[in-house]
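S.K.: how would this look folded up:
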Amino acid sequence: MPEAFASAVIAAWATTVWRVVRDFGGLAAWQPAVAGCVLADAEAPDRVGCIRTLSMADGQTVVESLLTLDDHTRSLTYGIVSSPYPVQSYRATMWVVPVTAAGETFVGWSVNFDYD
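M.R.: Residues are numbered from 1 along each chain as shown. I've put the predicted structure just below:
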C-alpha cells in the first residue's frame with residue numbers, strides 16, 4: 001500500500017491555520033486542484049461521517065467522507081467514497097502543530113491507498 005507525505009511551515013498561528021484546515025467544506029478556498037466543494041449536510045460540516053462532493057479543476061468529481069476530527073490534536077482524517085481515479089482504500093490525515101513562539105505552524109498531510 002503506497003503512502004505519500006507532504007508538509008509545509010506556514011507563517012500563521014496554529015489556531016488560525018487549524019480553523020481553515022478543519023473546515024471540511026472549505027477546501028476549494030485554499031486547494032488549487034479543487035474548483036468547488038459542496039457538503040451533503042451543510043448544518044453539520046464538522047460531524048464525523050459528513051460527506052463532501054469536490055468538483056476538481058480537471059473536471060472530475062470526487063466524493064469524500066470525514067472519518068475523524070480532533071480539535072485537541074488538531075488533526076482530521078478523510079477517505080474517498082467515490083472518484084474516477086484508480087485508487088481504493090484512500091485514507092488521508094492532516095495535522096496542524098505550532099512550531100515557534102513567532103507564530104509559525106507545521107502542517108502535515110499523509111495518505112495511504114491501494115491502486116489498480
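S.K.: residue boundaries of the strands in the protein?
M.R.: 3-10, 34-39, 51-56, 61-70, 75-82, 87-98, 105-115 (DSSP state E).
S.K.: packing partners for the fifth one?
M.R.: When contacts are defined as 3 or more Cβ pairs under 8 Å, 6 or more residues apart in numbering; DSSP states H and E, strand 75-82 sits against strand 61-70, strand 87-98. The way it works is simple: take the backbone N, C-alpha and C, and place the C-beta from them, glycine included.
S.K.: Of all these, which one comes closest to residue 111?
M.R.: Closest of the helices and strands packed on strand 75-82 to residue 111 is strand 87-98, at 3.9 Å (criterion: Cβ to Cβ).
S.K.: List the buried residues in the closest one.
M.R.: Using 16 or more other Cβ atoms under 10 Å as the test for burial, strand 87-98 gives 90, 92, 94-98.
S.K.: Compile those residues into CSV and extend it with columns for pLDDT and distance to residue 28.
M.R.: CSV is the format used below for those (pLDDT from 0 to 100; distance: Cβ to Cβ, whole Å):
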residue, pLDDT, distance to residue 28
90, 96, 19
92, 97, 16
94, 98, 16
95, 98, 21
96, 98, 19
97, 97, 24
98, 96, 26
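S.K.: circling back to that earlier point, for residue 30, which of the helices and strands packed on strand 75-82 is the nearest?
M.R.: Here strand 87-98 is closest among these (Cβ to Cβ), at 11.6 Å.
S.K.: Could you list the paired strands of that closest one along with their orientation?
M.R.: Sheet pairing of strand 87-98 (DSSP bridges) gives strand 75-82 (antiparallel), strand 105-115 (antiparallel).
S.K.: and that strand with strand 3-10, angle?
M.R.: 30 degrees (axes from the mean of the first three to the mean of the last three Cα atoms, to 10 degrees).
S.K.: out of the buried residues of strand 87-98, who's nearest residue 45?
M.R.: Looking across the buried residues of strand 87-98 and measuring by Cβ to Cβ, the closest to residue 45 is residue 94, at 15.4 Å.
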